[in-house]
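Asker: give the three-dimensional model of this entry:
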Amino acid sequence: MSMHTVVWQRLRQSRDWSVTIDELEKELGEQGSKSDQSDALYLLGQITEDVIPERERALGLYQRAWKVFPDNLKALSRARELYSELGRSEMVAKLGEMELRSPAAHAELAAIVGEAMLDAGLKDKARAVLEKAIERTPDNVRVK
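Answerer: A predicted model of the protein is given here:
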């Protein structure tokens, strides 16, 4: 049975989703490899965000998924995107900086992080990141 199915079954049988999510977070954070734990926590974050919806709670799950297994960039990326949707530029910049450390980070990320730094008033840091963005995407008119 897939992790997705297990999580949904537990939620369907629950009278209090908040308590069940707490229980699942604890259980999923202790089972399998670090990669499996991270994937399970990410899935729980998606469900928390999409179904309940509790964005702040989902953010915590995404960040925990990334901390358990830092190679899980999808968790860090989703947390950054969610912070962007919430208008929290300082957190977009912070998580984006962490994400930029990975060789797997996409080319446009430096531009996103640089803009978030500008929005958060971090002009000096933004300049360095935006210079990297121009190196990665020299045709990006917005970055220029």
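Asker: who touches the longest helix seen in the chain?
Answerer: When the chain is parsed with DSSP state H, its longest helix is helix 34-50. Residues from elsewhere that reach helix 34-50 (Cβ atoms under 8 Å, 6 or more residues apart in numbering): 3-4, 7-8, 11, 21, 24-25, 28-32, 54-55, 57-62, 64-66, 68-69, 71-72, 74-75, 78, 82. Where C-beta positions appear, they are placed from N, C-alpha and C, glycine not excepted.
Asker: how many neighbours does residue 144 have?
Answerer: Using other Cβ atoms under 10 Å, residue 144 has 10 neighbouring residues.
Asker: and residue 63, by the same measure?
Answerer: 18.
Asker: ok, the spatially closest residue to it that is not a sequence neighbour to residue 32 distance?
Answerer: Closest residue to residue 63 apart from its sequence neighbours, by Cβ to Cβ, 6 or more residues apart in numbering: residue 79 at 5.4 Å. Going from residue 79 to residue 32 by Cβ to Cβ, to the nearest Å gives 21 Å.
Asker: next one: residue 14
Answerer: Between residue 14 and residue 32 the computed distance is 22 Å (Cβ to Cβ).
Asker: kindly report the same for residue 140.
Answerer: 40 Å.
Asker: residue 99 now?
Answerer: For residue 99, the distance to residue 32 (Cβ to Cβ) stands at 24 Å.
Asker: what about these two, which has more around it?
Answerer: Each of residue 99 and residue 32 has its neighbours counted (other Cβ under 10 Å); residue 99 has more, 21 against 13.
Asker: in contact with that one, which residues?
Answerer: Here residue 99 is in contact with 73, 76-77, 80, 105, 109, 113 (Cβ under 8 Å, 6+ apart).
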